[in-house]
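Chemist: structure here, sequence nowhere to be found:
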């Protein structure tokens, strides 16, 4: 067992947990730091996908009461809970369709520092533009999202398949355009992450189950635990922050980081 490799996995797990729900792209940061550390997760990139499940587990833990309430409501045939569950599935569906058709080429062609840097910069300017619009909202509680709004968020989530875009940024901005408050859009983004990342993880593990080595399994386990623990410290503060602040600070972080990366890449060449 390579201790340095596991230490790198632990560090990348922390990066994943800290960035998964921030609109700055966790996958992009994993690619960047992985490249910096010369960390090789294999051509399938299973590590980057599966450790995100640790961050999703943190959501399940922190929102366990609402999840249990939702399940009880569905079993008890409560209309509001059933409608919300359907909304989550509607938002989830576009990613399923697109993911099954293009996820392979995306991993092969776009998982590079250059693509990440460009996506960070473009996404940052989009966030700044959206915040300047001061979009009106008519839905303050995320559980009251309509099916039409959910579809809009789901379509926005598909854009996040480009590394560096950020699933969180895409779904939060998509939700705001659909009429959700910033806080409601953020919390719905958390819930949508549950089926999205569970599905992505299950698909990747099933597809590449015969390619995984013992070292990869160990590194995934370490990264998973690190992502879970670090995500626990991010989720609630993020919700409190976006409830009363704009996303501009994240936009400028993206733009500056992307510009620095492009500069470094040009210097290295």
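Modeler: Happy to help now that I have it. If you're wondering where the values come from, they're calculated on a predicted model, not measured in any experiment.
Chemist: would you mind listing the buried residues in stretch 222-240?
Modeler: 222-228, 230-232, 234-235, 238-239 (16 or more other C-beta atoms under 10 Å). To be clear about C-beta, it is placed using only N, CA and C from the backbone, and glycine gets the same treatment.
Chemist: CSV please, covering those residues and showing distance to residue 258.
Modeler: Listed next are the buried residues of stretch 222-240 as CSV, based on distance: C-beta to C-beta, whole Å:
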residue, distance to residue 258
222, 29
223, 24
224, 28
225, 30
226, 25
227, 23
228, 28
230, 23
231, 24
232, 28
234, 21
235, 25
238, 21
239, 26
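Chemist: closest to residue 129 among the residues you listed?
Modeler: residue 238 (21.5 Å; C-beta to C-beta).
Chemist: after the host helix or strand of the closest one comes which helix or strand?
Modeler: Counting by DSSP states H and E, the element that carries residue 238 is helix 235-244. The first helix or strand that comes after helix 235-244 along the chain, using DSSP H and E, is helix 248-268.
Chemist: what's in contact with that next one?
Modeler: 22-25, 32, 113-114, 116-121, 123-125, 127-128, 131, 164, 169 (C-beta atoms under 8 Å, 6 or more residues apart in numbering).
Chemist: go through it and flag the buried ones.
Modeler: 250-251, 254-255, 257-258, 261-262.
Chemist: quick check, residue 20 in contact with residue 51.
Modeler: No - judged on C-beta atoms under 8 Å, residue 20 makes no contact with residue 51 at a distance of 9.4 Å.
Chemist: what do those two both touch?
Modeler: Counting by C-beta under 8 Å, 6+ apart, the common neighbours of residue 20 and residue 51 are residue 227.
Chemist: find the nearest non-adjacent residue to the residue nearest the centre of the chain, please.
Modeler: Geometric centre of the chain, nearest residue: residue 167, 4.1 Å, by C-alpha atoms, centre = their mean. Of all residues not flanking residue 167 in the chain, residue 160 sits nearest, at 3.9 Å (C-beta to C-beta, 6 or more residues apart in numbering).
Chemist: for the one you found, give me its contacts.
Modeler: Per C-beta under 8 Å, 6+ apart, neighbours of residue 160: 25, 166-171.
Chemist: by neighbours, which of the residues you listed wins?
Modeler: The most crowded member of the contacts of residue 160, judged by other C-beta atoms under 10 Å, is residue 166 (31 neighbours).
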